[in-house]
Structure formats: structure tokens, C-alpha cells
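A.B. asks: After the sequence you'll find the predicted model.
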Amino acid sequence: MAGQWRNETGLPSFYSPKTAPQHSESDTDEVPSVPLEDDNPISSHDAAVHRIAGSSSTIQPPPPSLLSPSFTPPATPGTITPSASISSITGASISAASPSFRPARAVPVDSSLSGPESGCGSNKPRLVERLPNVECIVRARIPTVTGTEMFLHLYTNDIDNKEHLAIVFGDNIRSKSLDAPRPGETETDRMVRGAYVGRLYPGRTTSGMMRPSDATPAAENNNNLAGSNSDIPLVRIHSECYTGETAWSARCDCGEQLDEAARLMALPSNKAGGVIIYLRQEGRGIGLGEKLKAYNLQDLGSDTVEANLLLRHPADARSYGLATAMLMDLEQTEIKLLTNNPDKIRAVEGPNREVIVRERVEMVPLSWRGKGGFRSKEVEGYLKTKIEKMGHMLDMETK
């Protein structure tokens, strides 16, 4: 029934496999998952919605004008999924539950080399002349709908007036600029802007940050470890995509990539933590208004690259200097980069390789891996264009 409903309405399927909400053993009002004809259970939330609506005997699909609340927010950080989905990243054993599933690969890269052996493609991305000056002005703990916690860092800079973000998974990744003492501030001031260690609680009076004169400042408790690649954090450089992340667009896989990056970074087996650098450069740098014009051009027959060019924009106008500077502020100078875009590897490293990308972890669409996700003619054309015209390293034979 579920598959039939999706075909009839044309709605995109979920970004990620649904998960049941967390309940304690003492919960007595938990709504059980309801099996459908294709053996895919719907979530207890959806079952409750149908029950409240009075559909006690037959599950009725929502009207075509409604989208499932499972889209908002994406309930994936830390979700337990088969270990095969992250085996190449965390070293967990590969599950044989899905014979069609090929786990994501982590490929060593070295941008100091030239040619195919570098693993960075043949293009020479545009590099910034200097890294911008960035400052983290506030940090806050974000509990997620799955129980995982992350820390949201808000940054200012000296090249634009936008609020760029770093979403940090793990307790050991800290911002130098946030932790630095500021003249005249009180302990309460420090806690309010997020410059504290441990957890906040009612009645707390000190930040727990040691003074510069102390031997080992708490700010030095960073995840800047040397050694095996298991000590290197996962990093995703993600450019804002309102349509794909908020409006459930099936024209791109941006929402799915953000969702999957958060899930991988929040897994308990990922001991090194992770960082999503969220840059406010909508539409590959052209802005939301021009991006919507490009969508109309795509409906008139252009692909995503041709549409940008017809609007007199570059195919990709993004810059990654801010990402490099933010990673340096978080003291992450060796990373594993979640991307299919070879241009990002060298661009994120900075003009003088201030940050080193040790591995590139591919981001294969979930539907290509037999792990849910969604399909549409628009996203298939979008991915095809990124591979053929933008050089993205995404093996279409994995489909």
C-alpha cells in the first residue's frame, strides 16, 4: 500500500529509513509499528496520527497536499542502522543482510601529488588568496530528536555579514576563538556564550575553563590527534540548500547528504567525532532567487550547469576559505572529507594546505545503495550532470 501511495501521489520517499522514537521500558502508551502490505512498517508516530484520525481498521494515506512529518526534522543523527552502512569509515563488520548494498568507500587522497594518483581529480579549483578571519561568538548544546547531542557554533567573519555554522559532534572538538578569555567578562558571561566545559545546570556558577596562567587550559582538550585514520574526524562541508533541506525538494540530494553526514558522525563507533561546516552560500553561491530561476530553466530543458550559465553565473560560484578558517579555529588540521566533489578536497585545504585531507569518503545516494532514500527524474538528471560535467567522483555503476 505504501509503495502504491508514493507512486500515485508522486511524493518523494523519505531521505532516510524511518526510526522508531525512543521510549523507556516504563512507557505504557507506546503505539506499535503497523505493518503494511510491502512489509515496511510505518513509524509509531504515523500510526498514532492515523489512530487519532479515526482510522482504526484501515490505514489511510494522508491527502496528497501533506508531506510526512518524518521529513521535519530529519531523525537520523545517531540512528542505529546496519553496520555495513559505515563499515569503511568506522571499521565495523559488514552485514550481509542486504546483498545489493555496497558500503561507502574511504579513499586515501594526497593533493600534493599530480594526476590520478592524487585521488583529487584533474581540475584546479579556485583558491582564496588569504583565509578570512573568523570568530565563534556563541556555542550551544543541541539535543536531537533521536537522543544524540551536538554543539552548534555560530561564526562571524571579515568578508561577509552571513552567519556561518559549525555543527560539532563529540566533546573534544572546541573552538579557540570561543574559549579565549575576553576583557571584562564574568563567569556567567562565559557560560552564556558557551565557553564552558562539561554541562550546564541550574545553579552552576563557574565555566570550568582554566585561566591562561594555569598549566593545562581546558581549551587544549581538542581532538587534534596524530596516528591512525581512526583518530581523524569526519568533516562535511555543506552549502545551504533551502529547497533540499526545508522544502523537501527532489531536484537534488543535498538534504539526504546533510542527513547522512549527521548520522555517520553521531555513531558511537565514530570515536573521533565530526564537524559539519554549514556555509550560507545557497544555490552553489548564486542565491535562492537565482536558484529558483535556474529551476524554471531546468523545466524548460536545461541541466543544472546550463541553467546557471544561462543566468550569467558560474556553474559553481562557491568558495571554501571560510570552511578552512573555521576548521583551523576548531583545531582540525587533518580530516576525512565526506564528499564526491574532487574540487572541494584541494579548496578546503586552503591556499597553503593549512588543513590536510587524508581521506575522501564517498556520499553515494541511499537509493543507489538499496538503503531507502528517494528517486526522481530530476535528481537522477542532477547527479548525472554533476558526474559528467562537474567531475564528481560518483560511480554510477553502484546503482
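C.D. replies: Yep, that arrived. Numbers count the residues shown, from 1 in each chain.

A.B. asks: Could you give the number of residues near residue 107?
C.D. replies: Counted by other Cβ atoms under 10 Å, the residues lying close to residue 107 total 12. Yep, even glycine has a C-beta here, placed from its N, CA and C like the rest.

A.B. asks: Within the helices and strands, which one has it?
C.D. replies: strand 106-108 (DSSP states H and E).

A.B. asks: Can you tell me what sits against the helix or strand just after that strand?
C.D. replies: Later in the chain than strand 106-108, the nearest helix or strand by DSSP H and E is strand 134-143. Applying Cβ atoms under 8 Å, 6 or more residues apart in numbering, the contact partners of strand 134-143 are 149-157, 164, 166-167, 175, 177-178, 193-195, 199-200, 322, 325-326, 329.

A.B. asks: Just the ones of those residues in helices?
C.D. replies: Residues of the contacts of strand 134-143 located in helices (DSSP state H): 177, 178, 322, 325, 326, 329.

A.B. asks: Format those as a markdown table; extra columns: pLDDT, neighbour count and distance to residue 293.
C.D. replies: Listed next are the ones in helices among the contacts of strand 134-143 as a markdown table, based on pLDDT from 0 to 100; neighbours: other Cβ atoms under 10 Å; distance: Cβ to Cβ, whole Å:
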| residue | pLDDT | neighbour count | distance to residue 293 |
| --- | --- | --- | --- |
| 177 | 97 | 17 | 37 |
| 178 | 97 | 23 | 38 |
| 322 | 94 | 23 | 25 |
| 325 | 96 | 26 | 31 |
| 326 | 97 | 29 | 30 |
| 329 | 98 | 20 | 35 |
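
A.B. asks: of those, closest to residue 366?
C.D. replies: Taking Cβ to Cβ as the measure, residue 366 lies nearest residue 326 of the ones in helices among the contacts of strand 134-143, at 27.6 Å.

A.B. asks: and residue 304, what does it touch?
C.D. replies: For residue 304, counting by Cβ under 8 Å, 6+ apart, the contacting residues are 294, 298, 381, 382, 385, 386.

A.B. asks: ok, the fifth one - contacts?
C.D. replies: With contacts defined as Cβ under 8 Å, 6+ apart, residue 385 is in contact with 303, 304, 305.

A.B. asks: Quick check: it is in a helix.
C.D. replies: Yes. Under DSSP: H, G, I helix; E, B strand; the rest coil, residue 385 falls within a helix.

A.B. asks: quick one: it from residue 356, how far?
C.D. replies: Look at residue 385 and residue 356: by Cβ to Cβ, to the nearest Å, they are 30 Å apart.

A.B. asks: the strands in the protein, which residues?
C.D. replies: Secondary structure of the chain by DSSP state E: the strands cover 106-108, 134-143, 149-157, 164-169, 234-239, 274-279, 334-338, 356-361.

A.B. asks: Pipe these into JSON lines and attach distance to residue 310 and mean pLDDT per row.
C.D. replies: As requested, those are arranged in JSON lines below (distance: least, Cβ to Cβ, whole Å; pLDDT from 0 to 100):
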{"stretch": "strand 106-108", "distance to residue 310": "34", "mean pLDDT": "76"}
{"stretch": "strand 134-143", "distance to residue 310": "34", "mean pLDDT": "97"}
{"stretch": "strand 149-157", "distance to residue 310": "31", "mean pLDDT": "96"}
{"stretch": "strand 164-169", "distance to residue 310": "29", "mean pLDDT": "96"}
{"stretch": "strand 234-239", "distance to residue 310": "21", "mean pLDDT": "94"}
{"stretch": "strand 274-279", "distance to residue 310": "25", "mean pLDDT": "96"}
{"stretch": "strand 334-338", "distance to residue 310": "31", "mean pLDDT": "94"}
{"stretch": "strand 356-361", "distance to residue 310": "31", "mean pLDDT": "92"}
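
A.B. asks: okay if I get those strands as a markdown table plus distance to residue 204?
C.D. replies: Compiled in a markdown table, the strands of the chain are given as follows (distance: least, Cβ to Cβ, whole Å):
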| stretch | distance to residue 204 |
| --- | --- |
| strand 106-108 | 40 |
| strand 134-143 | 13 |
| strand 149-157 | 17 |
| strand 164-169 | 21 |
| strand 234-239 | 31 |
| strand 274-279 | 26 |
| strand 334-338 | 33 |
| strand 356-361 | 38 |
